[in-house]
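> Need the 3D shape of this:
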Amino acid sequence: MSERLSEAEISMVLDTFMYLDYKEAREGTSLRNILKDLETHPDYGGGGVHYGEYTVLRQAAEREEVGNLIITCQSVNMGYDSGTSACTFMTPDRECVYVVYRGTGDGEWPDNGIGMTSAATIQQKRALSYFEQVVETLEIKDSQRLIVTGHSKGGNKAQFVTMETKYIKLLDACYSVDGQGFSEQAIEGWKDRYGARGYRGRTAKLYGIHGENDYVSVLGNPIIPKGQIRYIATPVEKSNFAGYHDIKYMFASLVYDEKTGNYVTIFNGRKNNDTIKRGELGEYAALLSGAVMELPPPKRDGCAAVAMQLMEISGGRMWGINGERLKLSDLRDFTFQGIPVISRSLLKENEGKALLGAFKDGDIQLGKISADVILQVDDQCLLSQSEELRQTAQRLHTLVDDFREAAGRIPAYMKNGEVFYRRLNQSIKEVEEWQQKLNRAADLQENIAMSYQKWDGTEVF
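Predicted structure coming up:
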């Protein structure tokens, strides 16, 4: 057996455990025994849906510093919702304690979007509540080493806990694996509350571990010091776009099978080697995130809401865990703000061109996303907007009449061959076209409102 795993790599292994979604583990059981219980389970050791994660954990648990860790304080047993999926592991002597958060849980994708424009979200606050309850339940002391970690949204929660907890003196380190950043409101709030020195003191405890082509860790504004971020090789089969953000691929290798002529993914109990920098997808995702974060907060909120709702739908849920639903204004923001940003970043920026080249060469492929979307619609607002459009169209109609009257007063000798007269008539035609477009838009708004009045606000759009 080679050298002992670092606490950073142990954190990554425990983050992987959270994706087993196994909530029946007995409190006080070692990780090795938990995995033994799952050895013949069809979903785990039996080769099912979580076989990859199980393989990583089984191999890692052969090391005593991993296998001997004891599970405790599972959030499912402490009254927390299914989105707040967390548990705690500690060494048998209780000298080291790991508080671990799962990535985006049931219905949490919209909460991710809210975090792009808000100082704090409901799920972030629940993660903080869990952490502080663990500290008090286990009576954590200064002599113990306390680690907080998580992958994806779990990494974001771990960072949030580090920035918010009243037990900061007890917390030694935060390992955020592919965890996204925060809104400017959150960051400015922390700077105001703690001052520059206090803010730096908390962020100094943050460490980022990101996949080379991860596209989630770049979201929002980062607070992890650049010198404390490392990138990990994540070999992924071409058809598996989701794999670039899947933690188990940080433990994977692609092996060529001479019999089939294909590459086969093999999972290991040790993380992959570090890379020098991000890959093409990671660089482009960082560029796009920066462009989105420059949008005005209300527009950014709408764009984020659409993107996160699509992610939620791909997982089979129609709305967020706290009832979040898309509004028609969100789709409007995404259409008129988000899509142009995406197009511009892909076609004009070097990072976007490099990504398109990777797609063209078949190095990266996208998966499929469901087309079902749930909308929250205020039909009275739609009707009000429709009326405003009609009023504007009427004002344009009046303007056209004024133009025609003015044109009629122009002397005959000025009409033939005069540029001014031709331009005036052309302007009249253009204004008439806009009047017609506004009336058609008003009709559409009114029809949509009437349709939603017939439904009850819960139908699929």
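
> What segments of this structure are strands?
70-72, 86-90, 96-101, 145-151, 171-177, 206-211, 229-232, 252-257, 262-267, 274-275, 326-327, 375-376 (DSSP state E).

> how about those strands, which one is nearest Leu288?
When those are compared by C-beta to C-beta, strand 206-211 sits nearest Leu288, at 15.8 Å. (Glycine included, C-beta is placed from N, CA and C.)

> Which residues does the closest one contact?
8, 11-12, 155, 159, 162, 173-179, 217, 222-225, 228-232, 234, 244-245, 249-250, 278, 282 (C-beta atoms under 8 Å, 6 or more residues apart in numbering).

> Of those residues, select the buried ones using a PyMOL command.
Entered in PyMOL, the line below selects the buried ones among these, by 16 or more other C-beta atoms under 10 Å:
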select buried, resi 8+11+12+155+159+162+173+174+175+176+177+178+179+217+222+223+224+228+229+231+232+234+244+245+249+250+278+282
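
> ok so, going back, okay, the strands of the chain, which one's buried deepest?
Of those, the one with the most neighbours on average (mean count of other C-beta atoms under 10 Å) is strand 145-151, at a mean of 27.

> mind listing what that one pairs with, with the direction of each?
Here strand 145-151 has these sheet partners by DSSP bridges: strand 96-101 (parallel), strand 171-177 (parallel).

> got TSV for those, with mean pLDDT too?
Output for those, formatted as TSV (pLDDT from 0 to 100):
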stretch	mean pLDDT
strand 96-101	98
strand 171-177	98
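
> can you give me the end-to-end distance of stretch 32-45?
13 Å (C-alpha to C-alpha, to the nearest Å).

> can you pull the buried residues of stretch 151-167?
151-165.

> What mean pLDDT does it get?
Confidence over stretch 151-167 (mean pLDDT, whole number) is 96.

> ok, now stretch 207-217?
92.

> Any regions of the stretch 201-350 of the chain where pLDDT drops low?
238-239, 289-290, 292-293, 295, 297-350 (pLDDT under 70).

> Dump the strands paired with strand 145-151 to a markdown table, plus distance to Asp401.
Output for the strands paired with strand 145-151, formatted as a markdown table (distance: least, C-beta to C-beta, whole Å):
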| stretch | distance to Asp401 |
| --- | --- |
| strand 96-101 | 65 |
| strand 171-177 | 64 |
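
> Between these, which one is closest to Gln144.
strand 96-101 (5.9 Å).

> Return the distance of the closest one from the chain's centre.
23 Å (C-alpha atoms, centre = their mean, to the nearest Å).

> How about residues contacting that strand?
Counting by C-beta under 8 Å, 6+ apart, 7, 10-11, 14-15, 17-18, 69, 85-91, 127, 130-131, 134, 138, 140, 144-151, 153-155, 157-158, 161 sit against strand 96-101.

> again with stretch 37-57
13, 16-17, 19-22, 25, 31, 35, 58, 248, 251-252, 265, 267-269.

> Mark which of those residues are buried, thanks.
13, 16-17, 19-20, 22, 25, 31, 35, 58, 248, 251-252, 265, 267, 269.

> just checking, Ile114 touches Gln124?
No - if you go by C-beta atoms under 8 Å, Ile114 and Gln124 don't touch, sitting 9.3 Å apart.

> So which of the two has more stuff around it?
Gln124 (25 against 21; other C-beta atoms under 10 Å).

> Find the nearest non-adjacent residue to that one, please.
Once flanking residues are discounted, Gln124 sits nearest to Phe160: 4.5 Å by C-beta to C-beta, 6 or more residues apart in numbering.

> now swap in Lys169 and tell me
Going by C-beta to C-beta, 6+ apart, Lys169 has Asp142 as its nearest residue, at 7.4 Å.

> again with Tyr167
Excluding its sequence neighbours, the residue lying closest to Tyr167 (C-beta to C-beta, 6+ apart) is Val135, at 4.9 Å.

> and the gap between that neighbour and Thr165?
Separation of Val135 from Thr165 (C-beta to C-beta, to the nearest Å): 8 Å.

> okay, and the common contacts of the two?
With C-beta under 8 Å, 6+ apart, Val135 and Thr165 have no common neighbours.

> wait, Gly67 sits on Ser30?
Yes - contact between Gly67 and Ser30 holds when scored by C-beta under 8 Å: they sit 6.5 Å apart.

> Can you get me a residue count around Gln59?
17.

> Contact partners for the nearest residue to it once chain neighbours are set aside?
Using C-beta to C-beta, 6+ apart and skipping residues adjacent in sequence, the residue nearest Gln59 is Gly269, 2.7 Å away. Contacts for Gly269 (C-beta under 8 Å, 6+ apart) come out as 13, 56-63, 251.

> got the residues you listed as CSV, with distance to Ala286 columns?
As requested, the contacts of Gly269 are arranged in CSV below (distance: C-beta to C-beta, whole Å):
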residue, distance to Ala286
Val13, 27
Val56, 27
Leu57, 30
Arg58, 34
Gln59, 32
Ala60, 30
Ala61, 34
Glu62, 36
Arg63, 34
Phe251, 24
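
> quick check, nearest of these to Asn77?
Leu57 (20.6 Å).

> and the closest one, how many neighbours?
Using other C-beta under 10 Å: Leu57 sits among 28 other residues.

> That one and Gly282: what is the separation?
Separation of Leu57 from Gly282 (C-beta to C-beta): 26 Å.

> same check, this time on Arg422
Arg422 is 55 Å from Gly282, by C-beta to C-beta.

> cool, and Met116?
Counting by C-beta to C-beta - Met116 and Gly282 are separated by 19 Å.

> One more: Thr88?
The gap separating Thr88 from Gly282 is 31 Å, by C-beta to C-beta.

> Quick check: the residue nearest to Gly150 when sequence neighbours are not counted vs Arg278, distance?
Taking C-beta to C-beta, 6+ apart, and ignoring the residues beside it in sequence, Gly150 has Tyr101 as its nearest neighbour in space, at 3.3 Å. As judged by C-beta to C-beta, Tyr101 and Arg278 stand 24 Å apart.

> what does Gly208 give?
Gly208 is 12 Å from Arg278, by C-beta to C-beta.

> Next: Pro235.
15 Å.

> Kindly report the same for Cys87.
30 Å.

> which ones are touching Tyr244?
211, 213-215, 234, 236, 281, 364 are the contacts of Tyr244 under C-beta under 8 Å, 6+ apart.
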